[in-house]
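Q: sharing a model that was predicted from the sequence below.
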Amino acid sequence: MKLPITIEKLKQVAPSIFTTQAHHTVSERYTYISTAKILEIMQSHGWLPVDAFENKVRSEDKQNYQKHLIVLQNFSSFLMEEENIPQIILTSSHDTSACVELKLGVFRLICSNGIILADSLMQAHKIKHIDFCESDISAAIEATVSYLPLMEERINTYKNIQLEPAEELAFARAAASIRFDTDTLDVDYSSMLEVRRHGDIGSDIWRCFNRIEEACLRGGVKGKNRFTQRNFTSKAIQSIDSKLNIGEQLFGLAEKIAIIKTQTQQPLQMAA
């Protein structure tokens, strides 16, 4: 299982978290919000960091000010062996490229797969770098956590809806258009549905979604370029924005499939 990450490790993987001032190009209205201070506030609410990333920057001038992402779990989650562990995804920057934002996520114990949930479940809580006060963070944490019961309910719904092989393939085909340029690439959809571990065996929406999301974000999807006829194998997504965007769109796609399946599985009303 994941354990809280140390401050030393955080400084290694995402030093921008600990920058002590805003970038010199920001306006006078911009209020510097210390990400390290946000982590202190979240820790006081029982949320501890387990992972972190930061975007790569081309300009050396922007180094240590760029957008960064921190994954946090509640203290109680380290004491229980549950399959799906709620997370809070925190993003921010110190160069105006991003406001402070909190979203819900879930960690799957069987595959270390972090999932970003869609706006259809909850609106991300955004805190702008203008007129900021520390109480905004506490309010955002409480509001985000209030959606946890809905998240659990949605996951249970997906676990109880089975897909036919053709429906799984349609899921993968729609997901491919989110992740790839399908006008240029012929994607092997079956490679997006590949079962990588025993716990992913099954045809319900939840397992299918997780297999597809892992393939999209972590790579390994195969296919061929229509124009060059060269085979390709996709690589892992590195950009924070791309990870968030793809994860959200895939979850929205799973939600659409669940709605369609729920409606079509209802018995038809026979005319009297």
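A: Ah, there it is.

Q: give the buried residues for whichever helix or strand residue 256 is part of.
A: When elements are assigned from DSSP states H and E, residue 256 belongs to helix 240-264. Within helix 240-264, the residues scored as buried using 16 or more other C-beta atoms under 10 Å are 240, 243-244, 246-255, 257-258, 261. Where C-beta positions appear, they are placed from N, C-alpha and C, glycine not excepted.

Q: state the next helix or strand along the chain beyond the worst-scoring helix or strand of the chain on mean pLDDT.
A: Each helix and strand of the chain was given a mean pLDDT (mean pLDDT, DSSP states H and E); the minimum falls on strand 113-116 at a mean of 65. On the C-terminal side of strand 113-116, the nearest following helix or strand under DSSP H and E is strand 125-127.

Q: heading C-terminal from that next one, find the next helix or strand.
A: Past strand 125-127, heading to the C-terminal end, the next element that is a helix or strand (DSSP H and E) is helix 135-145.

Q: counting contacts, what elements does that next one pack onto?
A: Where contact means 3 or more C-beta pairs under 8 Å, 6 or more residues apart in numbering; DSSP states H and E, helix 135-145 is packed against helix 35-44, strand 84-92, strand 100-108, strand 125-127.

Q: so for the last one, mean pLDDT?
A: Right, the one you point to is strand 125-127. Along strand 125-127, the predicted confidence averages to a pLDDT of 82.

Q: for the longest one, same thing?
A: Model confidence over helix 35-44 averages 94 on the pLDDT scale.

Q: report the buried residues of stretch 28-47.
A: Using 16+ other C-beta under 10 Å, the residues of stretch 28-47 that count as buried are 30, 33-35, 38-39, 41-42, 45, 47.

Q: quick one: contacts of it?
A: Around stretch 28-47, the neighbours that count as contacts under C-beta atoms under 8 Å, 6 or more residues apart in numbering are 16-22, 26, 48-49, 68, 70, 72-76, 88, 90, 92, 94, 96, 100, 127, 129-132, 134, 137-138, 141-142.

Q: and the residues you listed, which are buried?
A: Applying 16+ other C-beta under 10 Å to the contacts of stretch 28-47 flags 16-17, 19, 22, 26, 48-49, 68, 70, 72-74, 88, 90, 92, 94, 100, 127, 129, 132, 137, 141 as buried.
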